[in-house]
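Test case, fold it:
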Amino acid sequence: MDEMLLTFEDKMEKTMENLGSEFAAIRAGRANPALLNKIMVDYYGTPTPIQQVANISVPEARMMQIQPWDKSLIKAIEKAINTSDLGINPGNDGTVIRLVFPELTGERRKELAKDVKKKGDAAKVAIRNIRRDANDKIKKAEKAGEMTEDDVKTAENDIQKMTDKYIAKVDKATEEKTKEIMTV
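Next up is the predicted model:
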């Protein structure tokens, strides 16, 4: 039974990790290398993450610098950034690509805050689905005679406590990211 609970807790933890990476990709007016995590560059015919073909640094709060290890990749990296949903035009001097992040408008901050809330709600739904799957598995084990009625009650309580804990974590992460976005 403990092994089953660990499996479901692991799934909930993965949901939190996924939410964290989605939040990292939301631009809050500051340059953050995590914004480039999902952008792939055509590297000799193979889609490759930018982090694997260039050095990424943040020299200023609202500027990111991308220095490709192979200078011939500058055009490919610029193209990948332009076709992404980042909404920033890259500039280059022949050796380094610079991304300058404009100050976010109040309206854009509200849109981003709504997006953060949606992602948080989706994570909560995923956690509740994991709870439902866990409860289904417990009921099947009870029908198969593998668990007593007391074990079932204990397991269901443990799953509910775990669910509450992760829902609270999602709420806290959502609140923190919203606060970060709304801070001018």
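
drop to CA atoms for contacts and neighbour counts, all remaining ones
Noted.

okay, now the domains of the chain?
Domain assignment for the chain, taken from automatic domain parsing, gives 2-24+105-182, 33-100.

And the first one, end to end?
Terminal residues of domain 2-24+105-182 lie 42 Å apart, using C-alpha to C-alpha, to the nearest Å.

tell me the SS of the residue of the chain most remote from its centre?
Ranked by distance from the centre of the chain (C-alpha atoms, centre = their mean), the top residue is Gly145, with 40.2 Å. Following DSSP: H, G, I helix; E, B strand; the rest coil, Gly145 is assigned to coil.

Pull the contacting residues for Ala134.
Under the criterion of C-alpha atoms under 8 Å, 6 or more residues apart in numbering, the neighbours of Ala134 are Leu5, Phe8, Ile159.

same deal with Ile56?
Pro33, Met64, Gln65, Ile66, Gln67.

A strand includes it, no?
Yes: according to three-state DSSP, Ile56 belongs to a strand.

ok, back up a step: ok, of the domains of the chain, where does mean pLDDT dip lowest?
Confidence, taken as mean pLDDT, is least for domain 33-100 of the domains of the chain (a mean of 86).

Mind telling me what element Asp158 is part of?
helix 149-182 (DSSP states H and E).

Ala126 sits in which helix or strand?
helix 106-143.
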